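In: got a sequence here, can you model it:
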Amino acid sequence: MAVAVVTDVGGDVGLAVVRRLQADGMKVAVLGREARGGDLALQLDVTDRGQMLLAAERVTRELGPPLLLVIAPQTHASAPFGSMPTRQWESLLDDYLGGTASACAAFVPGMVQAMRGCVITLAPSAAVEGVPGEAYPAAASGTILGFTKSFALEVARHGVRVNCIASGAVSPDEIADTIAFLVVDGDFFVGQVLTLRTPHQGASNARIALKRGPAGPGVCLVTGAAQGIGAATAARLVKEGGRVAVNGRLDDDRLAAVVRATGGLSAPCDVADPAAVRRMVGDIERQLGSIEVLVCNAARMTMKPFLEQEPEEWWEQIRINLSGHMDLISAVLPGMRRLGRGRIVIIASLWGVTGWENATGYAASKSALIALTRSLGRELAPEGIYVTAVAPGIIDTPQLQVDADDAGLSLDEMRRVYARQIPAGRIGSPDDVAGTIAFLSTNGARAFAGQLLQPNGGELRATL
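Out: As a prediction, this is how the structure comes out:
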């Protein structure tokens, strides 16, 4: 049985995290001034590194070596800027940064030695978004973001993942659900800050599209599912209890193989053809019912310098990657509105965040999808329809061959080059991304709307 440590348990968030981890079969040690519950409770000052080192020895001796550390500061003191006494500020800073640093210094060495582990720091959303009148807690908790992103790079190659959850006015259970996701499916998240917020008053109470297991399978459509991320996502959603329509551009052997493997509904269609998109959605609705989960994954990528690329080849990427999925979202929205719920997960790309040489059309389309997600997320959340985006890093899919050809390398050489650039020491797998998509398709992700998640092995650390 795995062992977890949760610090500063006393508030509702800490207690919800402990309950969730125990429900998932973990032994839990709780540490803090008001520590209670769990399998082992140690009342101590988390900011005192000496006490924390002794606590690490005791937890290991009584429960076993911890492989999960959740750091949940309780303190929240505020005052108009310029009015907080120096001693109070220093105490606030010590509670946030000192407690985080002491916990990591005490428990992470054992994880490094074991070559596996997960650290999750918690911070208020003020550290990311800024809140009037909250300058002191924003600055104090902001230190956690920089620490998380930097420390994550130091330990990623030792199999230890460090990430942060910055939460606003969301329920403790929503935070606990996100922690559970990072533990189970967040292996390619390194140094990321996941921001949880309620997008619109009342939206978090809407009935959600797909629940885990047999409690309520939804109808799902995954585009670009004949290979790579799409195929892995179709398989994962079926495993979660969904009824999946599998889309590919061509009705070929690759699509047929995924349909056989998943037991899904074959839905061949060129998403760049608006009329074909409408026919496909109509066929799916007649056979399975209204689509509750849409995964916009189909993509086209060609790599050439912009000034050397033919306009038709360049614009084809925009038509498929961007315009095609805008037409698809428009086609499924009436059904989601009839149901009063829905999940739309848009697959963007690291290159849509950073840009990439010789990939202007692809990067332009993916950057636009991120902007579309942010706007649609706010527009549709009040209706119980949640729109999110995933921007994977370098993933081992057939598109990697395009990169290799552009670089003049073999596929294996391209994999090695990319792996050397990634703090996690490896490129991602389609399953890494499929796990993130599955999470965003469940009620566990109800605090995400219009947001971007980035499973990229630490290649880029981001807050949105």
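In: same for the worst-scoring helix or strand of the chain on mean pLDDT, what does it pack against?
Out: The weakest-scoring helix or strand in the chain, judged by mean pLDDT, DSSP states H and E, is helix 126-129 (a mean of 76). Contacts defined by 3 or more CB pairs under 8 Å, 6 or more residues apart in numbering; DSSP states H and E place helix 126-129 against helix 135-155, strand 193-196. (C-beta placed from N, C-alpha, C; glycine too.)
In: and these, which one is worst for confidence?
Out: Of all those, helix 135-155 carries the lowest average pLDDT, namely a mean of 86.
In: now that one: buried residues?
Out: 135-145, 147-149, 151-152, 155 (16 or more other CB atoms under 10 Å).
In: sorry, back to before: any chance of the helices and strands packed on helix 126-129 in a markdown table, with distance to residue 37 too?
Out: Output for those, formatted as a markdown table (distance: least, CB to CB, whole Å):
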| stretch | distance to residue 37 |
| --- | --- |
| helix 135-155 | 24 |
| strand 193-196 | 23 |
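In: quick one: closest of the ones you listed to residue 429.
Out: helix 135-155 (19.5 Å; CB to CB).
In: re the thing from before, tell me which residues in the least confident helix or strand of the chain are buried?
Out: So for helix 126-129, counting by 16+ other CB under 10 Å, buried means 126, 127, 128.
In: one more: stretch 285-293?
Out: Buried, per 16+ other CB under 10 Å, within stretch 285-293: 285, 288, 290, 291, 292, 293.
In: which one of these sits closest to residue 73?
Out: Closest to residue 73, out of all of the buried residues of stretch 285-293 and judged by CB to CB, is residue 293, at 35.1 Å.
In: next, the closest one: phi, psi?
Out: phi -130, psi 120 (degrees, to the nearest 10).
In: wait, isn't it in contact with residue 218?
Out: Yes: in terms of CB atoms under 8 Å, residue 293 counts as a neighbour of residue 218; the distance is 5.3 Å.
In: residue 341 and residue 119: what is the separation?
Out: Applying CB to CB, to the nearest Å, the value for residue 341 to residue 119 is 34 Å.
In: tell me the spacing between residue 245 and residue 328.
Out: From residue 245 to residue 328 the distance is 12 Å (CB to CB).
In: a strand runs through residue 244, doesn't it?
Out: Yes: according to DSSP: H, G, I helix; E, B strand; the rest coil, residue 244 belongs to a strand.
In: doesn't residue 220 make contact with it?
Out: Yes: counting by CB under 8 Å, residue 244 touches residue 220, with 4.6 Å between them.
In: give me the common contacts of the two.
Out: 234, 237 (CB atoms under 8 Å, 6 or more residues apart in numbering).
In: okay, these two: which has more neighbours?
Out: Taking neighbours as other CB atoms under 10 Å, residue 244 and residue 220 compare with residue 220 leading, 33 against 30.
In: how far does the helix or strand harbouring that one sit from the chain's center?
Out: Take DSSP states H and E as the rule and residue 220 turns out to sit in strand 219-222. Counting by CA atoms, centre = their mean, to the nearest Å, strand 219-222 is centred 19 Å from the centre of its parent chain.
In: that strand: partners in the sheet, and parallel or antiparallel?
Out: strand 243-246 (parallel), strand 293-296 (parallel) (DSSP bridges).
In: how far is the first one from where the chain is centred?
Out: When you say that, I think you mean strand 243-246. Distance, centroid of strand 243-246 to centroid of chain: 22 Å (CA atoms, centre = their mean).
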